[in-house]
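A.B. asks: I need the structure of the sequence given here:
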Amino acid sequence: MAKKSTLTEYLEDHEAEAMPRLARVRRSLSVLRRWLLRAILACAVIFAGWGLAYRWLNPPTTLYMMQESWRLDGVQYDWVNIEDVSPVMVRALVAAEDANFCAHWGIDSAAVRQALRDGAMRGGSTISQQTVKNAFLWQGRSWLRKAIEALMTPYAEMVWSKKRFLEIYINVAEFDTGVFGIQAAAGHHFGVDAAQLNRVQAGRLAVVLPDPKGRSATKPGAGLKKHAASVIAGSDMIAADGRAACFED
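C.D. replies: I've put the predicted structure just below:
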């Protein structure tokens, strides 16, 4: 009986010592959860305010521009209002990148399903998603960036017009190494303003976007020339069938 009493007392003492430690762990986890939720809420508020501000304010730079500026010791970036861009250039970008731009709410479900069938994180991005990524987020493929992009794109669709999406997109997209925006690209490649771009130039600039560091708008190969010609034909088609109505007055 004495042994049993001693063992019982030991277990009771051990349990009594463990309870405060367990309570401290639980309190710590509770505090950690609260701070994590506060951090998520703070990030959501920051991104929401940032996105709303860009409804009227033009992005002075982007994370990727800053990275390239540090790497290259400067970049070319010259903002231009969409009204001062050749209409065929704007239509060419839509035809090349997202022909259903006016029809979706930021996420093209059919394109996403096709991308998932072809391979995770490959393809499926709309102009809306690319604009959000370029204006607010970082480059590279990661599920975290994709998740933030997927959450922020519908919000931006609510607070921006389609025309505003395109205006930001054509100004922050990279058209050559360190060359950002259509105004800088028009001058860099063809020595003209964005308003003076003709059909051939517009098509060639539009098709370099998926790989601006690896494709040339001024020295395109036969395949790229053919692709540019098909993009211009597509730009005429979306103008004719009304798919440009959301961004053309």
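
A.B. asks: please name the nearest non-neighbouring residue to residue 229.
C.D. replies: Among residues not flanking residue 229 along the chain, residue 203 sits closest, at 6.4 Å (C-beta to C-beta, 6 or more residues apart in numbering). Glycine gets a C-beta too; all of them are placed from N, C-alpha and C.

A.B. asks: look at that neighbour and report its pLDDT.
C.D. replies: What the model reports as pLDDT for residue 203 is 97.

A.B. asks: after the lowest-mean-pLDDT helix or strand in the chain, which helix or strand is next?
C.D. replies: Of all the helices and strands that make up the chain, the one with the lowest confidence by mean pLDDT, DSSP states H and E is helix 109-118; it has a mean of 59. As assigned by DSSP states H and E, the chain's next helix or strand after helix 109-118 is helix 127-136.

A.B. asks: average model confidence for that next one?
C.D. replies: 96.

A.B. asks: what about the closest residue to residue 100 other than its chain neighbours, how many neighbours?
C.D. replies: Closest residue in space to residue 100, ignoring its immediate chain neighbours: residue 108 at 6.1 Å, by C-beta to C-beta, 6+ apart. Other residues near residue 108 come to 22 when the count uses other C-beta atoms under 10 Å.

A.B. asks: what of residue 82?
C.D. replies: Neighbours of residue 82 under the rule other C-beta under 10 Å: 20.

A.B. asks: list of residues touching stretch 28-35?
C.D. replies: Contacts to stretch 28-35, defined as C-beta atoms under 8 Å, 6 or more residues apart in numbering, come from no residue at all.

A.B. asks: when you give positions from now on, start the count at 270
C.D. replies: Okay, residue one is now 270; in that scheme the one you just asked about reads as stretch 297-304.

A.B. asks: that older thread, residues in contact with the residue nearest to residue 498?
C.D. replies: Each residue near residue 472 by C-beta under 8 Å, 6+ apart is listed here: 361, 497-498, 500-501, 504.
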